[in-house]
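Trainee: sequence and predicted model, in that order:
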Amino acid sequence: EAGVAQSPRYKIIEKRQSVAFWCNPISGHATLYWYQQILGQGPKLLIQFQNNGVVDDSQLPKDRFSAERLKGVDSTLKIQPAKLEDSAVYLCASSLGHHSPDTQYFGPGTRLTVL
Amino acid sequence: KNEVEQSPQNLTAQEGEFITINCSYSVGISALHWLQQHPGGGIVSLFMLSSGKKKHGRLIATINIQEKHSSLHITASHPRDSAVYICAVSETSGSRLTFGEGTQLTVNP
């Protein structure tokens, strides 16, 4: 079974530039999560989708971050414009979503460096 | 104060030692998760438990719901166990995971 795929793996941009990350969850997983993990800290949930609907985006900085999962499968997370403090690993995870609690399966992450 | 606290933050052990990592939480939970993160970012779920004890190979996870405390034990530790171990809880108020800051484990040969 293929795992959660993310791209790119690494990205370096200058502040005020825009960046987008892509995630393809495990086939059949209804729930998709985007996390931000700053160096030395645990992951922080940015947004959770159930199919193509948003379940929780309370910790998403909506002035600069956006995410979509239009067809309920893959998802993109965008930052526009980026700030220095956005440097982090962005993790995508998915789960079956049939019941709670649920085991989440994580992708390899995208390491973003903002200069 | 974080809702999920882990100790120790860093742990260095010699190969073969018995290792314990602790996790305390302050919110109502439906489950507690132990995860392993290797350099490069990939996170693997080790255990999800809501009561008692689970064992997988050399790993054992226990939880005491009344005391809001969980432990992860590694028996006969090996250098390949070197990683960050993260405790996370599924809060009863929703499906969101709240993470601890992780414990960096280094096992020396």
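Mentor: In hand now; what should we look at? Numbers count the residues shown, from 1 in each chain, chains lettered A, B, ... in the order given.
Trainee: okay, CA-based contacts and neighbour counts for the rest of this
Mentor: Will do.
Trainee: alongside chain B, which residues does chain A contribute?
Mentor: Applying CA under 8 Å from any CA of the partner chain, we find that chain A lies next to chain B at A:40-45, A:89, A:100-109.
Trainee: mind running it again at 10 Å?
Mentor: A:9, A:33, A:37, A:39-45, A:47-48, A:55-56, A:89-91, A:93, A:97, A:99-111 (CA under 10 Å from any CA of the partner chain).
Trainee: so, low pLDDT: which residues of chain A?
Mentor: A:1 (pLDDT under 70).
Trainee: show me the residue at the heart of it, geometrically.
Mentor: Taking CA atoms, centre = their mean as the criterion, A:Trp34 is the residue nearest the geometric centre of chain A, at 2.7 Å.
Trainee: partner residues bridging that residue?
Mentor: A:Ile47, A:Cys92 (DSSP bridges).
Trainee: isn't it up against A:Val55?
Mentor: No. With contact defined as CA atoms under 10 Å, A:Trp34 does not reach A:Val55; the gap is 11.9 Å.
Trainee: so what sits against both of these two?
Mentor: Counting by CA atoms under 10 Å, 6 or more residues apart in numbering or on different chains, the contacts common to A:Trp34 and A:Val55 are A:Ile47, A:Gln48, A:Phe49.
Trainee: strands along chain A, start to end?
Mentor: Assigned by DSSP state E, the strands in chain A fall at A:5-7, A:10-13, A:19-24, A:31-37, A:44-50, A:53-56, A:65-68, A:75-79, A:88-95, A:105-106, A:110-114.
Trainee: tell me the helix or strand right after the lowest-mean-pLDDT helix or strand in chain B.
Mentor: Scoring the helices and strands of chain B by mean pLDDT, DSSP states H and E places strand B:97-99 at the bottom, with a mean of 90. Counting by DSSP states H and E, the next helix or strand C-terminal to strand B:97-99 is strand B:103-108.
Trainee: any chance you could list what contacts that next one?
Mentor: Applying CA under 10 Å, 6+ apart, the contact partners of strand B:103-108 are A:40-42, B:6-17, B:19, B:21-23, B:36-38, B:77-87.
Trainee: swap in stretch A:49-63?
Mentor: With CA under 10 Å, 6+ apart, stretch A:49-63 has contacts from A:28-36, A:44-48, A:66-75, A:79-81, A:94-98, B:94-96.
Trainee: emit the ChimeraX select command for whichever of the contacts of strand B:103-108 are buried.
Mentor: Selection command for ChimeraX covering only the buried members of the contacts of strand B:103-108, criterion 16 or more other CA atoms under 10 Å in any protein chain shown:
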select /A:42 /B:6,7,9,11,13,15,19,21,22,23,36,37,38,77,78,81,82,83,84,85,86,87
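Trainee: in strands, which of the contacts of strand B:103-108 appear?
Mentor: If you go by DSSP E, those have B:6-7, B:10-14, B:19, B:21-23, B:36-37, B:83-87 in strands.
Trainee: switch the strands of chain A over to a markdown table; also include distance to B:Asn108.
Mentor: Shown next, in a markdown table, are the strands of chain A (distance: least, CA to CA, whole Å):
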| stretch | distance to B:Asn108 |
| --- | --- |
| strand A:5-7 | 32 |
| strand A:10-13 | 30 |
| strand A:19-24 | 36 |
| strand A:31-37 | 27 |
| strand A:44-50 | 30 |
| strand A:53-56 | 41 |
| strand A:65-68 | 41 |
| strand A:75-79 | 39 |
| strand A:88-95 | 27 |
| strand A:105-106 | 27 |
| strand A:110-114 | 28 |
